[in-house]
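**Student:** quick one: sequence plus predicted model below, questions after.
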Amino acid sequence: MLTSYLVRCPHAGCNWFGSLLPAENAQAWRSATPTTKLVVFECPQCHGQWQGRVVGDDVKPLPLQQVATASV
């Protein structure tokens, strides 16, 4: 069973709020009891991604990670 979560986008300047399915590893959510505890969301407004930890029936957002850019 797919599970959606009520979340708020944590990215600066984006205040999107709503229900989202995890963006990655969709197969892990097919069973009645999801096996994954970390989830990734993608905001439909700013397209930023963030991670959360599943706690019971809710998800707790994790701190945003800095994106490292490498010069080539």
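**Tutor:** Sure, I can see it.

**Student:** what sits against the closest residue to G52 other than its chain neighbours?
**Tutor:** Leaving aside its chain neighbours, G52 sits nearest to V59 (4.0 Å; criterion: CB to CB, 6 or more residues apart in numbering). (Glycine included, C-beta is placed from N, CA and C.) By CB atoms under 8 Å, 6 or more residues apart in numbering, the contact list for V59 reads Y5, V7, V39, G52, R53.

**Student:** number of residues surrounding the second one?
**Tutor:** The reference is to V7. V7 has 19 neighbours, counted by other CB atoms under 10 Å.

**Student:** now the helix or strand where it lies: buried residues?
**Tutor:** In the assignment (DSSP states H and E), V7 maps to strand 5-8. Neighbour-count burial for strand 5-8 flags Y5, V7 (criterion: 16 or more other CB atoms under 10 Å).

**Student:** buried stuff in the helix or strand just after that strand?
**Tutor:** Counting by DSSP H and E, the element after strand 5-8 in chain order, helix or strand, is strand 17-20. Buried positions in strand 17-20, judged by neighbour count with 16+ other CB under 10 Å: L20.

**Student:** on that earlier part again, Y5 versus the residue nearest to G52, what's the distance?
**Tutor:** To Y5, V59 is 4 Å away according to CB to CB, to the nearest Å.

**Student:** what sits in contact with each of those two?
**Tutor:** Contact criterion CB under 8 Å, 6+ apart; residues shared by V59 and Y5: V39, G52.

**Student:** residue ranges with poor pLDDT in this protein?
**Tutor:** Within the chain, the segments meeting pLDDT under 70 span 1-2, 24-36, 66-72.

**Student:** which parts of it are strands?
**Tutor:** Ranges of strands within the chain are 5-8, 17-20, 38-42, 49-55, 58-61, based on DSSP state E.

**Student:** the last one: partners in the sheet, and parallel or antiparallel?
**Tutor:** To tie it back to what came earlier, the one meant is strand 58-61. Here strand 58-61 has these sheet partners by DSSP bridges: strand 49-55 (antiparallel).

**Student:** and the angle for the partner strand with strand 38-42?
**Tutor:** Orientation check (axes from the mean of the first three to the mean of the last three CA atoms, to 10 degrees): strand 49-55 against strand 38-42 gives 140 degrees.
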